[in-house]
Each structure stands twice: as structure tokens, then as C-alpha cells.
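Trainee: I'll drop the sequence and a predicted model, then ask my questions.
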Amino acid sequence: MAASKGKMKATDFNLKKEVAYLPEQGLVVHEDRRLLLMDANAMGLLMDAMIKNMGFNKAMEVFMQSGFEHGYSDFLAMEAKYGDKFANEIELFASGPVIHSWEGLVQAKPISIEADRQAGNFFSEGIWTNSWQVQQYLTFNPVGEKAVCYSLTGYASGWTSAFLGKPVLAVETACIAKGDAHCSWLLKPADEYGKEAAMELNFLKDQFEKLLLNKANEGV
């Protein structure tokens with residue numbers, strides 16, 4: 001889809017201009033949402049403690065669910081303020097990876113994006129660089145056999161589900177934590193996956209059911 005003259009591209013978004021620092025109130029605010037600035041090492045210690053006390057799968061479920069809510073709310077805030085300012089729907093979607101990068105969680109670079117919101121069709125692949133989660137995981141653990149960037153797949157799932165209006169799942173197809181050269185994502189509607197993504201689908205079962213229920217209520 002061609003860009004409209006004078007409209008925003010995803011890379012035009014600048015989070016530095018959007019965030020208000022209010023130290024006299026102990027707040028950092030974006031729009032009406034409170035943000036928290038935290039040391040990545042503290043999050044790494046939390047993740048390590050969760051894995052040790054809850055097991056790897058349960059800990060990653062929590063990270064994926066929290067990532068989903070983060071991405072979902074980020075999209076709603078972006079669409080509310082800038083939805084009609086982007087050149088096209090591809091640029092609107094691509095602002096998600098841009099915001100994720102601005103937030104210091106990862107550098108996200110889409111390789112391909114195919115989107116038709118009216119038809120409910122979507123597909124995207126991309127590469128993550130400098131994932132906070134893989135960096136912190138490898139501080140406490142050796143390279144193994146499992147991908148670990150569940151906060152990132154959760155974010156991408158939440159952002160894209162809000163964008164498309166139906167459940168979309170991101171899976172990590174390569175991860176430095178299991179010896180790959182980089183971390184990468186695959187994004188497509190949840191109903192297009194099979195057993196290969198059973199765990200991730202189960203992790204986001206409640207979020208997807210809530211999204212479908214809200215969508216059904218909108219049509220009443």
C-alpha cells in the first residue's frame with residue numbers, strides 16, 4: 001500500500017517527545033499511563049527467581065501474558081492519538097516494533113509485513129537484536145535448547161491482536177539463548193497455527209478469549 005503524502009511513517013514516532021517526567025510527583029507518564037524505569041538486572045533477577053520457583057514454562061507464561069497486555073495497551077494508545085495520521089495501515093502496525101525499540105526492550109526490525117485489517121489477514125517476520133530477556137537469561141544460564149524471549153512474543157502478539165481485532169500469535173523461530181545467530185519472530189493469526197505452537201496458544205488462552213468476547217459484544 002503506498003504512503004500518502006504528508007502522513008506519518010512508523011519511524012517518525014519519537015517517544016522522547018511523548019513522555020513526561022514528573023519527579024515532584026514520583027511519576028513518569030505517557031498520555032494517561034504511568035511508566036516505570038527499572039534496571040534490566042533487577043528484571044533478570046526476578047526472571048531467574050521465577051524460573052527457579054515456578055519452573056521455566058510457568059515463568060515464561062507470566063512473561064508472555066504481561067508482554068501481551070503491554071503490547072495491547074501500547075497499540076490502543078497509539079491508535080487513539082495517531083491512528084488517522086499514519087500513511088497507511090502497514091505504517092500503523094510497524095510503529096509497534098518502533099515503540100518496542102524506543103522502550104529499550106529490544107531492537108525490532110520487520111523483514112516482511114502483509115496486512116489486511118478488513119479481511120483479517122496478517123503475516124509478518126522479523127529480527128530482534130539486543131533482547132533484554134535473552135541477555136538476562138544468559139547471565140544466569142548457559143545456552144540451551146529453548147527460546148526465551150516470551151515477553152517479546154507476548155508484546156508482538158498483543159500489539160498485533162489489537163491491530164487486527166482478533167487473536168494473533170507471535171512465536172520465536174530463532175533465539176540466541178539456544179545457540180542461534182539472532183532472535184526472530186513469526187506473526188500470524190492464532191487459528192493458523194497447529195501443534196507446533198500449542199504451548200504459546202495455551203499461554204495466551206485467557207487473553208485471546210477476552211479479545212473474542214469483547215469483539216462479539218461490539219457486534220451486539
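Mentor: Received the coordinates, thanks. Numbering: from 1, shown residues only.
Trainee: show me where this protein has helices.
Mentor: 40-54, 56-82, 89-102, 132-140, 150-164, 198-203, 205-218 (DSSP state H).
Trainee: which of the ones you listed sits most buried?
Mentor: Neighbour counts (mean count of other CB atoms under 10 Å) averaged over each of those peak at helix 150-164, with a mean of 27. Yep, even glycine has a C-beta here, placed from its N, CA and C like the rest.
Trainee: rewinding a little: can you put the helices of the chain in JSON lines and add distance to residue 173 and mean pLDDT?
Mentor: What follows is the helices of the chain, written out as JSON lines (distance: least, CB to CB, whole Å; pLDDT from 0 to 100):
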{"stretch": "helix 40-54", "distance to residue 173": "21", "mean pLDDT": "97"}
{"stretch": "helix 56-82", "distance to residue 173": "15", "mean pLDDT": "95"}
{"stretch": "helix 89-102", "distance to residue 173": "16", "mean pLDDT": "92"}
{"stretch": "helix 132-140", "distance to residue 173": "14", "mean pLDDT": "97"}
{"stretch": "helix 150-164", "distance to residue 173": "10", "mean pLDDT": "98"}
{"stretch": "helix 198-203", "distance to residue 173": "12", "mean pLDDT": "98"}
{"stretch": "helix 205-218", "distance to residue 173": "20", "mean pLDDT": "90"}
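Trainee: what residues are up against the residue positioned nearest the centre of the chain?
Mentor: Nearest to the mean C-alpha position of the chain, by CA atoms, centre = their mean, lies residue 155 at 1.8 Å. Residues near residue 155 by CB atoms under 8 Å, 6 or more residues apart in numbering: 67-68, 70-71, 74, 96, 100, 105.
Trainee: again, only using 7 Å
Mentor: By CB atoms under 7 Å, 6 or more residues apart in numbering, the contact set of residue 155 is 67, 70-71, 100.
Trainee: including distance to residue 31, could the helices of the chain go into CSV?
Mentor: CSV is the format used below for these (distance: least, CB to CB, whole Å):
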stretch, distance to residue 31
helix 40-54, 23
helix 56-82, 5
helix 89-102, 12
helix 132-140, 23
helix 150-164, 15
helix 198-203, 28
helix 205-218, 21
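Trainee: of all those, which one is nearest residue 17?
Mentor: helix 89-102 (10.6 Å; CB to CB).
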